[in-house]
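[1] Quick one, what's the 3D model for this:
(one chain, ligands or ions: 1)
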Amino acid sequence: MNAKRKDVSTVIILNKNQHGTKTLQIKTKHISRFKHYVLGVLGIIICLSGTIIYLNKQNQKQEQEKQRLMAQIVSLKGQLPVKEVNKADKDKETAQSYIQAIENKLQKINGYLRKRGLPGFSTKSVGGNGDTESAKLTDKEKYSLYDEYLGRLTKTMAATPLGYPRISSFTSFFGYRSDPFDNGAAEFHPGIDFKGQKGDGVKCTATGTVVFAGWFGGYGKCIRIQHIGGLETLYGHLSRIEVKVGQKVEVGDRIGAVGSTGHSTGAHLHYEVRKNGKPVNPVKYLTVNS
Ligand SMILES: [Zn+2]
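    Residues are numbered from 1 along each chain as shown. Reported below is the predicted structural model:
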């Protein structure tokens, strides 16, 4: 106990104005160590300040780096990627205009077919004009639809009388003309005549089925082929028939040879196109847009 008391010092605090005093009992060892405490605290303050300054500097560096990266991102966004996006947009626009052009042409061909009384093909917009419903279609779906349309078109084209049963000039057109057998009398000519020599090849102008092959009155040796849309082609005055009734023929197949059989003044090919049994002007079927 004594040893402990000796170690205690009394600190007296004097107030100049009030003459009062305050005393504090402090262990002597603390007073002797006071200098060390002050130095210790100072040391801690210095360390903390250093740390704060260091962290602050690091923070500033990070902020600068962040700013630099942000600037870089903005600059990259402003240059390369935007350029690519513009190019992709432009390509898409170009592709879209091609799709529109293809669609317009398909519609036009369809119009030609319909003009001939053919069913044509379904012409739902594939999306070339960007209408809302078809815009939902994926590119793959659009191309698949075009492929389907072209497939149907090809089939229709092949089955539609088109072009020449033989390549030569016409000697007589469709319509009224003077009867070559009865001078002055008007005669209705239900087809067109193609110049030709006996034995020259005759080709069918569309895929179809032979419905007649034989002698047919004034037509002499004659072939009739049935096609789609109530259409039929007739080839008359032949010297030779090379197909049989019921035979399927492809467009361009040789079916017979030019002759002068029946009501004929000389070797030529008489060609008719019939729609639902009635002769129509074959000139309309020589080219797709006539
Ligand atoms: Zn004729």
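[2] Identify each buried residue in stretch 166-175, please.
    Of all the residues in stretch 166-175, those buried under the rule 16 or more other Cβ atoms under 10 Å are 166, 168, 170, 174. All C-beta spots, glycine's among them, are computed from the backbone N, C-alpha and C.
[3] do stretch 158-165 as well
    Buried positions in stretch 158-165, judged by neighbour count with 16+ other Cβ under 10 Å: 158-162, 164-165.
[4] residues touching whichever residue of the stretch 51-200 of the chain sits closest to the ion, list them.
    At 4.2 Å from the ion, Asp193 is the closest residue in the stretch 51-200 of the chain, using Cβ to the ion. By Cβ atoms under 8 Å, 6 or more residues apart in numbering, the contact set of Asp193 is 170-172, 268-271.
[5] go on, Ser168?
    Applying Cβ under 8 Å, 6+ apart, the residues contacting Ser168 are 194-196, 200, 269.
[6] Surely it is within a strand?
    No: Ser168 is assigned coil when assessed by DSSP: H, G, I helix; E, B strand; the rest coil, not a strand.
[7] ok, for it, nearest residue in space, not its chain neighbours?
    Closest residue to Ser168 apart from its sequence neighbours, by Cβ to Cβ, 6 or more residues apart in numbering: Lys195 at 4.4 Å.
[8] Count the residues that sit near the one you found.
    16 (other Cβ atoms under 10 Å).
[9] What residues does the protein have near the ion?
    Residues of the chain lying near the ion by Cβ under 5 Å from the ion: 193, 270.
[10] Walk me through the domains of the chain.
    2-32, 90-159, 170-285 (automatic domain parsing).
[11] JSON lines for those, including mean pLDDT?
    Listed next are those as JSON lines, based on pLDDT from 0 to 100:
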{"stretch": "domain 2-32", "mean pLDDT": "74"}
{"stretch": "domain 90-159", "mean pLDDT": "74"}
{"stretch": "domain 170-285", "mean pLDDT": "92"}
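[12] ok, back up a step: format the contacts of Asp193 as CSV; extra columns: distance to Val249 and secondary structure.
    Converted to CSV, the contacts of Asp193 look like this (distance: Cβ to Cβ, whole Å; DSSP: H, G, I helix; E, B strand; the rest coil):
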residue, distance to Val249, secondary structure
Phe170, 23, strand
Thr171, 25, strand
Ser172, 25, strand
His268, 22, strand
Leu269, 16, strand
His270, 18, strand
Tyr271, 15, strand
